[in-house]
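**Student:** what shape does this take:
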Amino acid sequence: MELRVTALLLLVVCATILATTEGLIPRCCVTVSNHISCGALRKVDKYEVQTTSSSCDTAALILHMKDKIYCAHPRYDKVLEMPKKSQRKWIRDCKKMLRKMTQFPSFMFLAVGQMAFTIIILYLAKVCKAVSFQDFDKSLPRKIFPLPLLYVGNHVTGLGSTKKLSLPMFTVLRKFTILLTMIMESKILRTTFSPQLVCSVLAIVFGALVAASSDLAFDAEGYTFVLLNDVFTAANGVYTKKKLGVEGLGKYGILFYNAFIIIIPTALVSAYTGDLEKVIAFKGWLSLSFNFYFLLSCAMGFVLMYSIVLCSYYNSALTTTIIGAVKNVAVAYIGMFIGGDYVFSWANFVGLNICITGGLVYSYLTFQSTSSAQTTNQEEDKLRVPVVEELQDRAEKRPLTAV
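**Tutor:** The predicted structure is shown next:
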């Protein structure tokens, strides 16, 4: 009996001590969450900053949402300090800020990775005799110049503009490549275009101007990158078409030597600008999923460049550019619903649809002219056969003369 009373008294004393000292024992976040959606962050009522200088060992943000408490990474304080706007605009700005905090630090290093993948794949394919192209010699730089410079300019400015701008606006501004390609193709390759084709190209550019007029999130650096990318893409497409006819290069030679010649200078520039140090310090390398997506990006860069060269081989440079623009329509529409950085406006929406209509009209006119040319050639072949047969009959009936 005395033992039970003693145990009960000890329990009462312990409960009293815990009750009186509960406020003195700090509550610390031991682990933090690195993946919190913008929708959840908007619902935060208040937050506290936990530092390592206190009695806690982990830096964190203590988020209070209704009756629940969450431990988040300290980087989310920049998001929580943003002024409250309408829910849609606040979530858009939140997603932009989170992408800047977590994105890969160097688009130039990604370009180096895509070049390296191109070199390795094509070299192994040549060793296995799956493809063939000219071996390197002294005449090669003269044959391929200025494609390597245009290639790296197109690569770097393309990745840089994608990083700086939202996908829908990037897609719209890239339409100026079509006009530049038409001008360069007429000057360099001496190609002529029908008035209907010119009008369809102008409609695409006009639609791009209408769509871009509503872009409230103007980014001077992003616009500079994308306009430079337009120039490099147009020049690269025209000169690719021109160099495809050079003996010894071909489709695979252009891809291989473009990457082979320019990869080392690009890597040196990346190291000089400090991008290489940021890449080495990037924590995403510890993630298996990030490494998978990085390699996938390198592979898709090669697939994209090969598709462009292959399309230029069978079509004109302008047709290749417009096919790419029509393909980008899907990116623009998907970006309206996925990504969160598209702000709807009637000007942007109408302009985008004008671009689409112009691209479809151009495609129709181009394929119609191609079909007409094929039909004409077939009719000429049919007429040519009877004429040849008649000449042969006359030659057989003509009497032989003595020599």
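**Student:** just for the stretch 101-250 of the chain, where's the confidence low?
**Tutor:** Low-confidence segments of the stretch 101-250 of the chain (pLDDT under 70): 101-103, 159-169, 171-172, 212, 214-219.
**Student:** so where do the helices sit in it?
**Tutor:** For the stretch 101-250 of the chain, applying DSSP state H, counting those that start in this stretch gives helices covering 107-127, 140-144, 147-164, 167-173, 176-188, 195-212, 220-243, 250-272.
**Student:** can you pull the contacts of G250?
**Tutor:** Remark: with contacts taken as Cβ atoms under 8 Å, 6 or more residues apart in numbering, G250 is in contact with S132, F133, Q134, L244. C-beta coordinates here come from the backbone N, C-alpha and C atoms, glycine included.
**Student:** what's the closest of these to V156?
**Tutor:** L244 (23.2 Å; Cβ to Cβ).
**Student:** skipping adjacent residues, who's closest to that closest one in space?
**Tutor:** Spatial nearest neighbour of L244, excluding adjacent residues (Cβ to Cβ, 6 or more residues apart in numbering): Y313 at 5.5 Å.
**Student:** may I see the buried residues of the helix or strand harbouring the one you found?
**Tutor:** Using DSSP states H and E, the element containing Y313 is helix 288-314. Residues of helix 288-314 classed as buried by neighbour count (16 or more other Cβ atoms under 10 Å): F294, C298, G301, F302, M305, Y306, I308, V309, C311, S312.
**Student:** thought the first one was touching V112?
**Tutor:** No: in this structure F294 lies outside contact range of V112 using Cβ atoms under 8 Å: 11.7 Å.
**Student:** tell me the SS of L63?
**Tutor:** Using DSSP: H, G, I helix; E, B strand; the rest coil, the structure places L63 in strand.
**Student:** that one bridge partners, please.
**Tutor:** Beta-bridge pairing for L63 (DSSP bridges): Y47, Y70.
**Student:** before we move on, back to that, report all helices and strands that the helix holding Y313 contacts.
**Tutor:** Secondary-structure packing of helix 288-314 (3 or more Cβ pairs under 8 Å, 6 or more residues apart in numbering; DSSP states H and E): helix 107-127, helix 220-243, helix 250-272, helix 317-337.
**Student:** could you say which of those helices is packed most deeply?
**Tutor:** Counting by mean count of other Cβ atoms under 10 Å, helix 220-243 has the highest mean neighbour count of the helices and strands packed on helix 288-314, with a mean of 21.
**Student:** keeping just the C-alphas, turn it into PDB.
**Tutor:** Extracted in PDB, the C-alpha atoms of helix 220-243 (Å, rounded to 0.1, in the frame of the first residue of the first chain):
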ATOM      1  CA  ALA A 220      14.900  43.600 -70.900                       C
ATOM      2  CA  GLU A 221      17.600  40.900 -70.500                       C
ATOM      3  CA  GLY A 222      15.100  38.200 -71.600                       C
ATOM      4  CA  TYR A 223      13.900  40.100 -74.600                       C
ATOM      5  CA  THR A 224      17.500  40.800 -75.700                       C
ATOM      6  CA  PHE A 225      18.400  37.100 -75.400                       C
ATOM      7  CA  VAL A 226      15.300  36.000 -77.400                       C
ATOM      8  CA  LEU A 227      15.800  38.600 -80.200                       C
ATOM      9  CA  LEU A 228      19.500  37.600 -80.500                       C
ATOM     10  CA  ASN A 229      18.300  34.000 -80.600                       C
ATOM     11  CA  ASP A 230      16.000  34.900 -83.500                       C
ATOM     12  CA  VAL A 231      19.000  36.300 -85.500                       C
ATOM     13  CA  PHE A 232      21.200  33.300 -84.700                       C
ATOM     14  CA  THR A 233      18.500  30.800 -85.500                       C
ATOM     15  CA  ALA A 234      17.700  32.400 -88.900                       C
ATOM     16  CA  ALA A 235      21.300  32.600 -89.900                       C
ATOM     17  CA  ASN A 236      22.000  29.000 -88.700                       C
ATOM     18  CA  GLY A 237      19.100  27.700 -90.700                       C
ATOM     19  CA  VAL A 238      20.000  29.400 -93.900                       C
ATOM     20  CA  TYR A 239      23.700  28.500 -93.700                       C
ATOM     21  CA  THR A 240      22.900  24.900 -92.700                       C
ATOM     22  CA  LYS A 241      20.800  24.600 -95.900                       C
ATOM     23  CA  LYS A 242      23.800  26.000 -97.800                       C
ATOM     24  CA  LYS A 243      26.400  23.800 -96.200                       C
END
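**Student:** so which other helices or strands are in contact with it?
**Tutor:** If contacts are counted by 3+ Cβ pairs under 8 Å, 6+ apart, helix 220-243 sits against helix 147-164, helix 167-173, helix 176-188, helix 288-314, helix 317-337.
**Student:** give me that answer again for 10 Å
**Tutor:** Counting by 3 or more Cβ pairs under 10 Å, 6 or more residues apart in numbering; DSSP states H and E, the packing neighbours recorded for helix 220-243 are helix 140-144, helix 147-164, helix 167-173, helix 176-188, helix 250-272, helix 288-314, helix 317-337.
**Student:** neighbours of the closest residue to F193 other than its chain neighbours, how many?
**Tutor:** Spatial nearest neighbour of F193, excluding adjacent residues (Cβ to Cβ, 6+ apart): M182 at 6.4 Å. The local packing of M182 (other Cβ atoms under 10 Å) involves 24 other residues.
**Student:** repeat that for the one 10 residues further on.
**Tutor:** Here the number of neighbours of T192 (other Cβ under 10 Å) works out to 7.
**Student:** do the one 3 residues further on as well
**Tutor:** Other residues within reach of P195 by the criterion other Cβ under 10 Å amount to 7.
**Student:** for V231, give me its contacts.
**Tutor:** Counting by Cβ atoms under 10 Å, 6 or more residues apart in numbering, V231 makes contact with L150, G153, N154, T157, F176, T177, L180, M184.
**Student:** out of those residues, who's the most crowded?
**Tutor:** Highest neighbour count within these: T177, with 29 neighbours (other Cβ under 10 Å).
**Student:** quick check: it touching I322?
**Tutor:** Yes: between T177 and I322 there is a contact at 9.3 Å, judged by Cβ atoms under 10 Å.
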